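A.B. asks: quick check, what structure comes out for this input:
(one chain, ligands or ions: 1)
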Amino acid sequence: MARVTPKATDPIPGLVEDMLAALGEDPTRQGLKSTPARMSRALRELTDGYGVAPEDVIAGAVFDQDYDEMVVVKDIPFYSLCEHHLLPFFGHFHVGYLPKGRVVGLSKIPRLVGVFAHRLQLQERMTKEVAEALAGAVAPKGVGVVVEARHLCMEMRGVQKPGGQLITSYMLGTFRRDPRTRAEFLDLVRR
Ligand SMILES: [Zn+2]
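C.D. replies: Numbering: from 1, shown residues only. Sure thing, here's the model as predicted:
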């Protein structure tokens, strides 16, 4: 079968075309003609977090600030691809930290989430990575991260009921040690 997409520098369109054929499709039919190129572009976009260092995202937005109450950013939406099936999982991050003389610009926390979400991921690992990146950047007294997400690899295959959420959390410093700090954070997240 003749290739629809010429194999240029990007090998992904050719691989997608082979995959379509292996699935029993005809990659030359009208509706699929542009699919390999489109899927390649989409996959590149959804994994563009590989090219970005988390510390670069935060660099320049860390400020000395005499504020020692808890900072919480709730309901940060994310979309990611699970590394086991390359199918979407998506939901929300809730991120809190207790500053120790330094704070980070609030818009940087969703950016940080985006960098880790745009890689092939496991929810558990991503939860920890965001917590540790934030801890590394602002050296706070503690960090808490809660992630609620739906996994299409489970829902579409019937492994899990549609709409069911997987919840993960990762606590560092005072969020791990001090039950009151953790309770305050979880209370703000639930509210
Ligand atoms: Zn999966």
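A.B. asks: show me the contacts for the most centrally placed residue in the chain.
C.D. replies: Using CA atoms, centre = their mean, the residue of the chain that lies closest to the mean C-alpha position is residue 117, 1.9 Å off. Residues near residue 117 by CB atoms under 8 Å, 6 or more residues apart in numbering: 49, 78-80, 126. Backbone N, C-alpha and C define where each C-beta goes, glycine included.
A.B. asks: TSV for those residues, including secondary structure and neighbour count?
C.D. replies: Listed next are these as TSV, based on DSSP: H, G, I helix; E, B strand; the rest coil; neighbours: other CB atoms under 10 Å:
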residue	secondary structure	neighbour count
49	helix	18
78	strand	21
79	strand	13
80	strand	25
126	helix	23
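A.B. asks: could I get the residues you listed as JSON lines with pLDDT?
C.D. replies: Listed next are the contacts of residue 117 as JSON lines, based on pLDDT from 0 to 100:
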{"residue": "49", "pLDDT": "96"}
{"residue": "78", "pLDDT": "98"}
{"residue": "79", "pLDDT": "98"}
{"residue": "80", "pLDDT": "98"}
{"residue": "126", "pLDDT": "98"}
